[in-house]
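Asker: What shape does this take:
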Amino acid sequence: MQTNSDSAELNKFADAAHRWWDLDGEFKPLHDINPLRLQWIASHAALAGRQVLDIGCGGGILSESLAARGAQVTGIDLAERALKVARMHAMEAGLGVNYELISAEQLAAERPAGFDVVCCMEMLEHVPDPASVVRAAGRLVRPGGWVFFSTINRNLKSFALAIVGAEYLLGLLARGTHEYARFIRPSELAAWARSAGLDTVELRGLEPDLLRGGWRMGARVDVNYFLACRREAE
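Answerer: Model prediction:
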């Protein structure tokens, strides 16, 4: 099976793998938004005791949070160094996360309908064929189960904020973290989800909370956004 991956993207995250759990490093934005995305996922789907898949788990930030909620978590990625960091950190935290070096497409062929919840957060914009990952997520979730995506919209505002601002002006992300051409409009992602047999339940945006600091969920989806989907029960 041909791997849906970009060697340059894998190398980029492999080189930074040892800093994945540095709360002040280049992955700080993921640490900052993780409580919010975990709360959003948990508001839709029960986690305790459920089989949960984290596609593109990286160093395990979301995977560990899901496991701490009582989920039986499998985290998959194609960046081997990041997985080594994830395994070590989970062991130190006393969390039993199962990490595997495998693509979503290959796992879907091996374990169709194997998960109650599938998460694919901040990952689609880093692969050559994001629609293929969405199709795999649709195959991996059981009937009645939930699939959660998050990514970045493609427009002038997202280019200005997510690339020019975050990477070049403010230094919140390493330069080259994102490529504008790989950003995904919500209509595109929703269409891929429908083709994968998934019904869209909620579309929400991620916005800076200017009053209290940090981030909050909002109605504006012009930059970062979350999409909650569900496979129809049989």
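Asker: In contact with residue 153, which residues?
Answerer: With contacts defined as CB atoms under 8 Å, 6 or more residues apart in numbering, the neighbours of residue 153 are 183-186, 221-225. Just so you know, the C-beta spots here come from the backbone N, C-alpha and C atoms, and that holds for glycine as well.
Asker: Tell me the one among those residues nearest to residue 78.
Answerer: residue 184 (19.3 Å; CB to CB).
Asker: Now do the strands in the chain.
Answerer: 51-55, 72-77, 98-101, 115-121, 141-152, 198-208, 215-218, 224-231 (DSSP state E).
Asker: what packs against the last one?
Answerer: Using 3 or more CB pairs under 8 Å, 6 or more residues apart in numbering; DSSP states H and E, the elements in contact with strand 224-231 are helix 28-44, strand 141-152, helix 186-195, strand 198-208.
Asker: May I see the buried residues of the third one?
Answerer: Residues of helix 186-195 classed as buried under the neighbour-count rule (16 or more other CB atoms under 10 Å) are 186, 188-190, 192-193.
Asker: how about those residues in a markdown table, adding pLDDT and distance to residue 90?
Answerer: A markdown table is the format used below for these (pLDDT from 0 to 100; distance: CB to CB, whole Å):
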| residue | pLDDT | distance to residue 90 |
| --- | --- | --- |
| 186 | 96 | 32 |
| 188 | 97 | 34 |
| 189 | 98 | 29 |
| 190 | 97 | 33 |
| 192 | 98 | 31 |
| 193 | 98 | 30 |
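Asker: so where's the chain shaky on pLDDT?
Answerer: By pLDDT under 70, the low-scoring segments of the chain are 1-2, 159, 161-178, 210-211, 213.
Asker: buried set for stretch 93-105?
Answerer: In stretch 93-105, counting by 16+ other CB under 10 Å, buried: 95, 97, 99, 102-105.
Asker: Identify all contacting residues around that stretch.
Answerer: 1, 3-5, 55-57, 60, 63-64, 67-68, 72-78, 80, 83, 86-87, 90, 107, 120, 132-133, 135-137, 140.
Asker: Report the buried members of those.
Answerer: Members of the contacts of stretch 93-105 classed as buried by 16+ other CB under 10 Å are 4-5, 55-57, 60, 63-64, 67, 72-78, 83, 86-87, 90, 107, 120, 132-133, 135-137, 140.
Asker: Could you export stretch 22-42 as PDB, CA atoms only?
Answerer: C-alpha atoms of stretch 22-42 as PDB (Å, rounded to 0.1, in the frame of the first residue of the first chain):
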ATOM      1  CA  ASP A  22       8.600  21.500  26.000                       C
ATOM      2  CA  LEU A  23       5.700  23.700  27.100                       C
ATOM      3  CA  ASP A  24       7.500  26.800  25.900                       C
ATOM      4  CA  GLY A  25       8.800  25.300  22.600                       C
ATOM      5  CA  GLU A  26       7.400  25.200  19.100                       C
ATOM      6  CA  PHE A  27       4.600  22.900  20.200                       C
ATOM      7  CA  LYS A  28       3.400  25.300  22.800                       C
ATOM      8  CA  PRO A  29       0.300  26.100  20.700                       C
ATOM      9  CA  LEU A  30      -0.800  22.500  20.800                       C
ATOM     10  CA  HIS A  31      -0.400  22.300  24.600                       C
ATOM     11  CA  ASP A  32      -2.400  25.600  24.900                       C
ATOM     12  CA  ILE A  33      -5.300  24.400  22.800                       C
ATOM     13  CA  ASN A  34      -5.300  20.800  24.000                       C
ATOM     14  CA  PRO A  35      -7.700  21.200  27.000                       C
ATOM     15  CA  LEU A  36     -10.200  23.000  24.700                       C
ATOM     16  CA  ARG A  37     -10.100  20.300  22.000                       C
ATOM     17  CA  LEU A  38     -10.400  17.600  24.600                       C
ATOM     18  CA  GLN A  39     -13.400  19.200  26.200                       C
ATOM     19  CA  TRP A  40     -15.000  19.600  22.800                       C
ATOM     20  CA  ILE A  41     -14.500  16.000  21.900                       C
ATOM     21  CA  ALA A  42     -15.800  14.800  25.300                       C
END
